[in-house]
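> A predicted structure for the sequence below; I have some questions about it.
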Amino acid sequence: MISKESDKKLFLLDAYALIFRAYYAFIKNPRINSKGLNTSAMFGFTNVLLDILKNEKPSHMAVVFDPHEDTFRVDEFPEYKANREETPEDIKLAFPYIVRIIEAMNIPVYQISKFEADDVIGTLAKRAEEHGFLTYMMTSDKDYGQLVSDNIFIYRPGRGGNEADILGVPEVCEKFGIERVEQVIDILGMMGDAVDNIPGIPGIGEKTATKLAQEFGSVEGLLANTDKLKGKQKENVENNKEIALLSKRLATIVVDAPVPFEEEKLKVQSVNKELIREVFEELEFRTILKRVIGDSPAPFEGKQGELFAPDEVESAAEKEANPASQLKTIQDVPHQYHLVKSDEEIDVLIKKLMTSSVFCFDTETSDIEPINADLVGMSFSIQAGEAWYVAVPKEKDAAMLLVKKFEPLFTDPQKELIAQNYKYDFKMLRKYGIEVQNRVFDTMVAHYLINPDGKHGMDFLSEVYLKYSPISIDTLIGKKGKTQGSMADLNPEEISD
Amino acid sequence: MINPITGRVHTNYMQTVAATGRLSSNNPNLQNIPIRTLRGKEIRKAFIPRSEEFTILSSDYSQVELRIIAALSNDENMCEAFMHGEDIHKATAAKVFGVPIAEVTKDMRSKAKAVNFGIIYGQGAFGLAQNLGISRGEAKEIIDSYFRQFSGLKTYQQLTIENARKNGYIETIRGRRRYLADINSANAVVRGFAERNAINAPIQGSAADIIKVAMIDIHKEMTHQKLQSKMMMQVHDELVFDVHHSEVDIVRAIVSEKMSGAEKMRVPLVVDMNTGNNWLEAH
């Protein structure tokens, strides 16, 4: 939390800078949703937004985008930013989503023709200062140093859980080795900026520019005192006076861009829940959706033995409650799930299972670590829509006896056992004295083989391949005797597609 | 993390987390304990046999990734060096700096080693310069000379990237795929990441395939022979066993055979093996 207090606290976000940063933060391990869309940029940007709202509690906020077309700087210097790499395709695809997210959160978006985000933010920040605001410019762009004042700061989001970096006048001066923040422009004018393709004076890098700025105060001061320079440097400066002045102009952020300062519009408002739900569902941001809508999401507690990474166990509870969802649930799929209790019923079940060459199997247990877990129940299926659940008694000897009855099923090497994360079930069965000898098809490992970068949790696979949203684990905990049933729907053909 | 029932630490290996095909380990992660730091060594010391009747045996693949790239690229010079059992970094240095093996200095060897590892990761002159603290120019000269000597590697890398562009994925030695969505990106940075992945993924992924095959074969054989000894850990290129004293020779033979035989390649797979009272001693 920022220590300086004021009741008018404005956050201005440089959208492109934050979007690029978010995208590259995940480049080694991008977030891809079930439709194959790379959602790293949307995810990172949304988290930045939410973190600010939560941690900094701004009273006012705006997000600023660069315009699509060239800016006035290009009119002055056609080479400006001409060396820019093509924007990655994934980022281009991300923009419309990000705009929708911002709008759904009722945060105003500014995009001013011909003016860069820097200029718009600079203008808004200076106007806000006149109106008694404290302004935080959220960017990773060092050029913003020139705008900093007693009431205007650079706010650099923290990396990897670190605290955000806040730069005021002393910090900017120290960082650049200057006395006044305006000298940031002089340093950039002298050394140029490879990123923006601002030429600068040949032969002058960061160190020299800092030294010259300290000695002569500004680009103009330098140009007026070339007689104090020597050799090649003197020559370079004298031959490039125009370029130096041009570079300084290009590096100067405009603070009178044509953008109205509307205090009322900038006020932080509550989120439009409908719109945010729509966009987050499209992106499959379930955890974030909960965080924003404020259902106080309960952290996943691994009471049952499904054993998926917590992010893969994101519950589908809100999907069930959401009529707009396209996924089927247990309500709209015909099913026959039998609870098997008596010894006779168990014998009948085993007989029936023995007739099939393939069966699906899952264990329900008391802990996510097999070593600590006891069997709670076992589910079986041999065709879509029908499944059996066998509750396993708490008492260990009785449990062993019950499980042992199923041994012929598991020790038949001709039969194929289908499971999700089989390793877990294998360990559980071994704990109850059964060494599985079936051929095994593990849907989780299978999906990893065809798409190693994706998610492989059962709920995820079910939603993607079966368009079916299983009953969430949360709603099941404590309810014995009723199984999830989605294992019944998994068949190797569909999964291995 | 100590389990109250067994009094031991039990890691969990996950098969579907690392996209490269490697196993990953958590609760606790046993695959990222430093080898060279004092603390890492102290931690390794804590891994001991189950009782005095047992000992720790560690077996690891020697330069498996370089051997894989040599085999995949079929580069004559590199394959030769491995087939003759030469110190690969020394042999590389001799080629790159154009001196007889006997005249390779420590400095030359360490530079050659850095290039060899850079190759695995698709590293360029910039990365090498940073790693070695030398100028980009010097780094570029070394890399150019390297690729003149090991031209098969150069061709292989180009071909790998080309194929990845065409197919959208790469394949490991056992045919496991990894899709590279960004390989045709118009953005050079993004494409660069995918290209480095295209180079690295088949190598790291093949190494993962190979050790998994070895683990399956070893487990089968140990079960078959009804040994009391047990395979305990996998740390990417290394397997760690808890071995009964009476079974040391048997387990050594099984592990050696199954690890070196896990994949038939032009260059041999070599394993280094050791026993000790704890993991540090055995490694």
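It's in.

> Can you point out the helix or strand that includes A:Ala387?
strand A:386-391 (DSSP states H and E).

> Which positions within that strand qualify as buried?
Within strand A:386-391, the residues that qualify as buried are A:386-391, counting by 16 or more other C-beta atoms under 10 Å in any protein chain shown. (Glycine included, C-beta is placed from N, CA and C.)

> That one pairs with which strands, and in what direction?
Each strand that strand A:386-391 pairs with, and the sense of that pairing, follows from DSSP bridges: strand A:336-340 (parallel), strand A:375-383 (antiparallel).

> Send me that strand as PDB with only the CA atoms.
Output of strand A:386-391 as PDB, limited to C-alpha atoms (Å, rounded to 0.1, in the frame of the first residue of the first chain):
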ATOM      1  CA  GLU A 386     -24.400 -46.000 -16.600                       C
ATOM      2  CA  ALA A 387     -22.200 -46.400 -13.600                       C
ATOM      3  CA  TRP A 388     -22.000 -48.100 -10.200                       C
ATOM      4  CA  TYR A 389     -20.700 -46.800  -7.000                       C
ATOM      5  CA  VAL A 390     -19.600 -49.100  -4.200                       C
ATOM      6  CA  ALA A 391     -19.200 -47.600  -0.800                       C
END
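
> and it, what's its mean pLDDT?
Rounded to a whole number, the mean pLDDT of strand A:386-391 is 90.

> what angle do the next helix-or-strand element following it and strand A:375-383 make?
Tracing the chain C-terminally past strand A:386-391 and defining elements by DSSP H and E, one meets helix A:396-405 next. Interaxial angle, helix A:396-405 versus strand A:375-383 (axes from the mean of the first three to the mean of the last three C-alpha atoms, to 10 degrees): 20 degrees.

> Tell me the helix or strand right after helix A:396-405.
helix A:407-410.

> Chain B against chain A: which residues are in contact?
Residues of chain B lying close to chain A (C-beta under 8 Å from any C-beta of the partner chain) are B:3, B:5-6, B:10, B:12, B:14-17, B:19-21, B:27, B:176-179, B:181-182, B:185-190, B:193.

> Which ChimeraX command selects the buried ones in the residues you listed?
Selecting the buried subset of these in ChimeraX, with 16+ other C-beta under 10 Å as the burial test, is done by:
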select /B:12,14,15,16,19,20,21,176,177,178,179,181,182,185,187,190,193
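
> quick one: low-confidence parts of the stretch 201-350 of chain A?
Residue ranges of the stretch 201-350 of chain A with pLDDT under 70: A:295-326.

> can you pull out the helices in it?
Assigned by DSSP state H, counting those that start in this stretch, the helices in the stretch 201-350 of chain A fall at A:206-216, A:219-224, A:231-239, A:241-251, A:263-266, A:273-283, A:286-293, A:317-320, A:343-354.

> Which single one of the buried residues of strand A:386-391 is nearest to A:Arg127?
Each of the buried residues of strand A:386-391 was checked against A:Arg127 using C-beta to C-beta; the closest is A:Ala387, at 65.0 Å.

> what about A:Lys351, distance to chain B?
Remark: distance between A:Lys351 and chain B (C-beta to the nearest C-beta, to the nearest Å) = 31 Å.

> where's that residue relative to A:Tyr424, distance?
The spacing between A:Lys351 and A:Tyr424, counted by C-beta to C-beta, to the nearest Å, is 27 Å.

> Neighbour count for those two, which is higher?
With other C-beta atoms under 10 Å in any protein chain shown as the criterion, A:Lys351 and A:Tyr424 differ in neighbour count, and A:Tyr424 comes out ahead with 23 against 9.

> Quickly check: the strand or helix carrying the more buried one near chain B or not.
Following DSSP H and E, the helix or strand that holds A:Tyr424 is helix A:422-431. Yes. Among the residues of helix A:422-431, A:Lys423 lie within reach of chain B under C-beta under 8 Å from any C-beta.

> how about that helix: buried residues?
In terms of neighbour count (16+ other C-beta under 10 Å), helix A:422-431 has its buried residues at A:422-429, A:431.

> so what secondary structure elements neighbour that helix?
Taking 3 or more C-beta pairs under 8 Å, 6 or more residues apart in numbering or on different chains; DSSP states H and E as contact, the helices and strands that helix A:422-431 lies on are strand A:358-365, strand A:439-442.

> repeat that with 7 Å
In this structure, helix A:422-431 packs against strand A:358-365, with contacts taken as 3 or more C-beta pairs under 7 Å, 6 or more residues apart in numbering or on different chains; DSSP states H and E.

> and the strand it packs on, how far out from the chain's middle?
Taking the mean C-alpha point of strand A:358-365 and that of its whole chain, the gap between them comes to 33 Å (C-alpha atoms, centre = their mean, to the nearest Å).

> Partner strands of that strand, with direction?
According to DSSP bridges, strand A:358-365 forms sheet pairs with strand A:375-383 (antiparallel), strand A:416-419 (parallel).

> Let's have those in CSV, adding mean neighbour count and mean pLDDT.
Shown next, in CSV, are these (neighbours: other C-beta atoms under 10 Å in any protein chain shown; pLDDT from 0 to 100):
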stretch, mean neighbour count, mean pLDDT
strand A:375-383, 21, 92
strand A:416-419, 22, 96
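
> Disregarding residues adjacent in the polypeptide, which is nearest to A:Arg249?
Spatial nearest neighbour of A:Arg249, chain neighbours left out: A:Glu76 (7.1 Å); criterion: C-beta to C-beta, 6 or more residues apart in numbering or on different chains.
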